[in-house]
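1. Quick one, what's the 3D model for this:
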Amino acid sequence: MGYFTDTPIKRVELPSDKAYWVDVQTDFTWGAIKKLGDIDNEGQVSFETTGDKFLLMAIKSWNLDDADGNIVEINSENIDRLKRDDVLAIIDMASGSIVDEEAKKNSSSQSTPTTAAQK
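-> You can find the predicted model right below:
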């Protein structure tokens with residue numbers, strides 16, 4: 001197995017209707033993250049300002065269809081039409097490694113202050 005390999009893709013069944021799914025990329029290169037545009041000094045992505053870009057980058061395929069049964073294009077307009085819980089499920093799957101690392105960082109930096117009575 002080489003360092004440069006295919007990007008992992010995972011399928012998310014949408015919470016609003018399990019008949020629908022979205023295939024999302026679950027790991028991103030530094031080059032892909034830079035394209036999102038809003039990165040802080042620690043290399044962390046601000047998903048608040050780059051959410052649409054992130055979803056467009058992460059979603060690789062889906063079976064979402066229109067009233068006539070035609071699979072719709074993956075674009076900003078259709079992403080805006082997704083239900084909130086479905087978007088959260090997609091983001092959770094796609095950003096799992098980023099979120100997990102941030103959670104570890106936050107939990108290790110938060111310590112309970114010791115009071116004089118505890119000493």
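2. check contacts around the closest residue to residue 13 other than its chain neighbours.
-> Nearest residue to residue 13, sequence neighbours excluded (Cβ to Cβ, 6 or more residues apart in numbering): residue 21, at 5.3 Å. For the C-beta atoms, the positions are set from N, CA and C on the backbone; glycine is no exception. Applying Cβ atoms under 8 Å, 6 or more residues apart in numbering to residue 21 gives the contacts 11, 12, 13, 14, 62, 63.
3. same thing but 10 Å
-> 11, 12, 13, 14, 61, 62, 63, 64 (Cβ atoms under 10 Å, 6 or more residues apart in numbering).
4. Which members of those residues are classed as buried?
-> Neighbour-count burial (16 or more other Cβ atoms under 10 Å) applied to these gives 12, 14, 62, 64.
5. Out of those, which is nearest to residue 51?
-> Nearest to residue 51 among the buried ones among the contacts of residue 21 is residue 12, at 16.0 Å by Cβ to Cβ.
6. and that closest one, bridged to which residues?
-> Note on residue 12: beta-bridge partners residue 22, judged by DSSP bridges.
7. Look up how far residue 68 lies from it.
-> Distance of residue 12 to residue 68, computed by Cβ to Cβ, to the nearest Å: 24 Å.
8. Would you state the strands of the chain in chain order?
-> All strands of the chain, identified by DSSP state E, fall at 9-13, 21-25, 59-62.
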